[in-house]
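Asker: sequence-free structure coming up:
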């Protein structure tokens, strides 16, 4: 997007002043209210397409790992053991945790736009190297690096999207964007049907082509992102009032040309302080004291959905191969409907999170997902399912669970102040993944290796209980954030400091 030169009209709506007691530079602004009252437009589609593709790439990456697991056991490929396959998935998730922590903090420090370029570049390099892996150590190392790029993307992208999308649509858009992970999963599954079939490509080449595809797609994403602007909200906190006003004025002008006159700004201005970053003691106090219940909620939601998903999806192919004798090249045929179910869930249910409300929908989807998985585990344990029946059950379960998992990311993004949004997303993603995700693939592959249905069903029961606990936590600690501005849900720390001065 090329921003045209604007007049100095921003001076009429923005003023830089100084608190007389503490000498803190402050800004009185209506930029957040102006962003929230915008009608849906081509600009918002640009944001969705330019940033939402992150989940497509992640879904593609994770699906490839799950679908090719059985193929990588062959001597013609990397001759991996089941334990190494599970460990490689753990390496990917561990890299995602480290990347989230590093890039999440950098997102708040240096801006959303710089980081969503950086993190995607890291992913592109890593996924290309993965296609060239020659043994288990190189494969695991490159997967960890790709995970670092994707983990960083979550913080940069979620924070940017929430700060640019109008409040009345934030829940719907967030859930749908997060669900595009499964568009990538479906694409990855479809690709493996061709690439992993020895009738089309030799075994040593097919799996490498699947990873190379991710790198090719990422290049096109980089080109699209140059049109997505920096978050005006982040710019204000960092004292770049001119740039923030420049961006919002240009967006308003473009939308007026498309839709006519804009709705009036009805929300009052807010006063925030200008500072590069809050001190560490204030960050700790925000998470551990001021927002303690929200911190507990974020941890429980993220950890439970991470265990639920990573335990099942990373080992999907292994379960089909070991317990249902599905050949490796056919596993993609089972993953495609699973991915489509996950994609359609948030698309069909997402609007309800903005109408019925966050608390009701999050609690319902978490608890119902857990109950359905428990029923499925019991049927699997007693040998009542065929491969087709098992896959159908998972489609139904994850149609609901996909909305629950997406809502977890929405929750940790909405409930914490602007200055810490990237940090909060990365922190909860990292801790939740460490608790529920990193250990889950290795744990479940060890259960699968035993060949015992009872052992594997026990792992599924654990995942079911964790999801139910997540739903209960939402009932007690959830926040009715639907339709509210980010600043009203959790005022900026800078605003709180000025008001309390």
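Answerer: Structure received. Computed from a predicted model, the values in this text were never measured in an experiment. Numbering: from 1, shown residues only.

Asker: Tell me if I am right that residue 228 is in a helix.
Answerer: No: under DSSP: H, G, I helix; E, B strand; the rest coil, residue 228 falls outside any helix and is assigned coil.

Asker: Name the nearest residue to the residue nearest the centre of the chain, sequence neighbours excluded.
Answerer: In the chain, the residue lying closest to the centroid (C-alpha atoms, centre = their mean) is residue 154, at 4.8 Å. Residue nearest to residue 154 in three dimensions, not counting chain neighbours: residue 429, with 5.4 Å by C-beta to C-beta, 6 or more residues apart in numbering. From N, CA and C alone the C-beta is placed, and that goes for glycine too.

Asker: cool, and residue 97?
Answerer: residue 430 (4.4 Å).

Asker: my guess is that neighbour contacts residue 100, does it?
Answerer: Yes: using C-beta atoms under 8 Å, residue 430 is in contact with residue 100, at 4.7 Å.

Asker: The two: which has the busier surroundings?
Answerer: Neighbours per residue, other C-beta atoms under 10 Å: of residue 430 and residue 100, the larger number sits with residue 100, 32 against 25.

Asker: circling back: can you list residues touching both of residue 430 and residue 100?
Answerer: Common contact partners of residue 430 and residue 100 (C-beta atoms under 8 Å, 6 or more residues apart in numbering): residue 151.

Asker: the helices in the stretch 351-500 of the chain, which residues?
Answerer: Here the stretch 351-500 of the chain has its helices, by DSSP state H, counting those that start in this stretch, at 352-355, 358-381, 387-414, 421-433, 439-449, 453-477, 486-489, 493-499.

Asker: between the longest one and helix 453-477, how big is the angle?
Answerer: For helix 387-414 against helix 453-477, the angle by axes from the mean of the first three to the mean of the last three C-alpha atoms, to 10 degrees is 30 degrees.

Asker: Now helix 387-414: buried residues?
Answerer: By neighbour count on 16 or more other C-beta atoms under 10 Å, the buried set for helix 387-414 is 387, 390-395, 397-414.

Asker: again with the first one
Answerer: Of the residues in helix 352-355, those with enough neighbours to count as buried (16+ other C-beta under 10 Å) are 352, 353, 354.

Asker: Please confirm that residue 264 is located within a helix.
Answerer: No: applying three-state DSSP, one finds residue 264 to be coil, outside a helix.

Asker: and it, backbone torsions?
Answerer: Phi and psi for residue 264, reported as degrees, to the nearest 10, are phi -70, psi 160.

Asker: and it, what is it in contact with?
Answerer: Residue 264 neighbours (C-beta under 8 Å, 6+ apart): residue 37.

Asker: Next, find the distance separating it from residue 38.
Answerer: 12 Å (C-beta to C-beta, to the nearest Å).

Asker: circling back: of the buried residues of helix 352-355, closest to residue 76?
Answerer: Closest approach to residue 76 among the buried residues of helix 352-355 (C-beta to C-beta): residue 353, at 46.9 Å.

Asker: show me the contacts for the closest residue in space to that closest one that isn't next to it in sequence.
Answerer: Of all residues not flanking residue 353 in the chain, residue 171 sits nearest, at 3.9 Å (C-beta to C-beta, 6+ apart). Under the criterion of C-beta under 8 Å, 6+ apart, the neighbours of residue 171 are 350, 353, 354, 358, 407, 410, 481, 482.

Asker: If you average the pLDDT over the host helix or strand of residue 171, what comes out?
Answerer: According to DSSP states H and E, residue 171 maps onto helix 170-179. What helix 170-179 shows for mean pLDDT is 88.

Asker: I'd like to know which elements the following helix or strand past it is packed against.
Answerer: Once the chain leaves helix 170-179, the next helix or strand it forms, by DSSP H and E, is helix 181-195. Packed against helix 181-195 by the contact rule (3 or more C-beta pairs under 8 Å, 6 or more residues apart in numbering; DSSP states H and E) you find helix 42-68, helix 203-225, helix 331-349.

Asker: Can you find the helix or strand in this structure with the smallest mean pLDDT?
Answerer: Every helix and strand of the chain was ranked by mean pLDDT, DSSP states H and E. The lowest is helix 10-13, at a mean of 38.

Asker: List the residues that contact the nearest residue in space to residue 252 that is not next to it in sequence.
Answerer: Excluding the flanking residues, the one nearest residue 252 by C-beta to C-beta, 6+ apart is residue 262, at 6.1 Å. Applying C-beta under 8 Å, 6+ apart, we find residue 262 in contact with 37, 38, 39, 252, 255, 256.

Asker: And the helices in the stretch 1-150 of the chain?
Answerer: With DSSP H, counting those that start in this stretch as the criterion, the stretch 1-150 of the chain has helices spanning 10-13, 31-36, 42-68, 82-110, 112-130, 136-164.

Asker: pLDDT of the second one, averaged?
Answerer: Per-region confidence: helix 31-36 scores 93 on mean pLDDT.

Asker: what's next to that helix, contact-wise?
Answerer: 14, 163-164, 166-168, 232-233, 236, 244-245, 248, 252, 265-270, 485-487.

Asker: about what we covered before: by mean pLDDT, show me the worst of the helices of the stretch 351-500 of the chain.
Answerer: Taking the mean pLDDT of these, helix 493-499 comes last: a mean of 60.

Asker: Where does pLDDT dip in this protein?
Answerer: Low-confidence segments of the chain (pLDDT under 70): 1-24, 65-67, 70, 203, 275-276, 436-438, 494-501.

Asker: one more time with 50, if that's ok
Answerer: 1-21, 499-501 (pLDDT under 50).

Asker: And the closest residue to residue 440 other than its chain neighbours, how far from residue 415?
Answerer: Nearest non-adjacent residue to residue 440, counting by C-beta to C-beta, 6+ apart: residue 311, 4.0 Å away. Noted for residue 311: a distance of 26 Å to residue 415, by C-beta to C-beta.

Asker: With residue 199 instead?
Answerer: 51 Å.

Asker: just residue 53 next, same as before
Answerer: Residue 53 is 26 Å from residue 415, by C-beta to C-beta.

Asker: How about residue 470?
Answerer: In terms of C-beta to C-beta, residue 470 sits 15 Å off from residue 415.

Asker: neighbours of residue 265, just the number please.
Answerer: What residue 265 shows, counting by other C-beta under 10 Å, is a neighbour count of 16.

Asker: Cheers, nothing more for now.
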